[in-house]
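**Student:** Here is my input; please provide its structure:
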Amino acid sequence: MASDIVFVIALMIIVSLAWSVLAVPRLRKRLPKIYLIARSWWLMLAALCTCYVIAKITNDTQGSHLQVYPYQWLFILFFILIGLRGSYEIKRLWCLRSKAVLIHKLQAQGLQPSTLLLPKTSLNPTQHYTRLNYLDLLLSVAFISLIISFIVLQQLTWQREQYGVLLFVLFASQFNDIAQYLCGRLLGRKLFKRGLAPTISPNKSIEGAIFGSLVAAMLASVLGLWLTPFTWWVCLLAAYGLAVSGIFGDLLESAFKRQHGVKDTGTMLAGHGGVLDRIDSLLIGVPVFTLLYWLFG
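**Tutor:** Model prediction:
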């Protein structure tokens, strides 16, 4: 069995076990947010892994010599749906009425802090849309570039029969999110009194960014040696680049949310704060990696 399929199966088993343990009534009551995060992770990974396995197995069965790989459009459709949902979350914050509905929904679920209020301009009955600024445009361009990069990268990895590269890119960025969170909880404010970006994202620490990115890069490098044809130093360099760019992508999305006075961009993924919150670490790194992989891969 191919290494990428083994990785996908092992990943689903681990996440399923974690969700099952957290579903125990006593743990679910003590850790409700962690349970919701695990459930959302399972649903996202189930959709991603199902599309990947169907596309990969069908391609292997019918032959990689075909010009159009069978069922690869199922995998591409997954990214297109993410793009549509993320675009909706961005547009909803531009429309004042939709933003007001979102904020009331977040407040009803206890997800919207009282310190983040709806801007007064939204109370003007004659105004329906906010005035777009550079952050709105920058995030929109980055998000569109991300979706296009996903599709291009999927095509390139299929053509070159380097299927695990796409999994490496996706999970190198996700390792970074987890590692930064854990390192921030353990070391945050112990070496540096100041946060990483206190006005944009008060909870992010310099320690979490530094040590989290290093830990994530090392873990992702091991994964890269297993899933990709890259040498160890290419894996390490790519993983660290994805980790660092993930920090900037996260800050970009945080600045966008703070500008619009919201804590989360949606309630679709319980515990994650919306599709944009889940993929913000990919906004910069994936397009850059895709370009380099297309030119030099």
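**Student:** Mind jotting down where the helices sit in this protein?
**Tutor:** 3-22, 25-30, 32-62, 72-94, 96-108, 134-159, 164-187, 206-227, 232-259, 275-279, 285-296 (DSSP state H).
**Student:** Does anything pack onto the fourth one? Which helices or strands?
**Tutor:** Just to be clear, that refers to helix 72-94. helix 32-62, helix 96-108, helix 134-159, helix 275-279 (3 or more CB pairs under 8 Å, 6 or more residues apart in numbering; DSSP states H and E). Where you see a C-beta, it was placed from the backbone N, CA and C, and this is true even at glycine.
**Student:** Give me the nearest residue to residue 49, chain neighbours excluded.
**Tutor:** Spatial nearest neighbour of residue 49, excluding adjacent residues (CB to CB, 6 or more residues apart in numbering): residue 8 at 4.7 Å.
**Student:** State the pLDDT value of the nearest residue to residue 187 once chain neighbours are set aside.
**Tutor:** Once flanking residues are discounted, residue 187 sits nearest to residue 207: 3.9 Å by CB to CB, 6+ apart. For residue 207, the pLDDT comes out at 91.
**Student:** ok, residue 207 touching residue 185?
**Tutor:** No - assessed by CB atoms under 8 Å, residue 207 is found out of contact with residue 185, at 9.8 Å.
**Student:** Neighbour count: the two, which is higher?
**Tutor:** residue 207 (21 against 12; other CB atoms under 10 Å).
**Student:** Distance-wise, check that one relative to residue 248.
**Tutor:** Distance of residue 207 to residue 248, given as CB to CB, to the nearest Å: 17 Å.
**Student:** before we move on, what about residue 42?
**Tutor:** On the measure of CB to CB, residue 42 and residue 248 end up 29 Å apart.
**Student:** just the helices of the chain: most buried one?
**Tutor:** Comparing the helices of the chain by mean neighbour count (mean count of other CB atoms under 10 Å), helix 275-279 comes out on top with a mean of 24.
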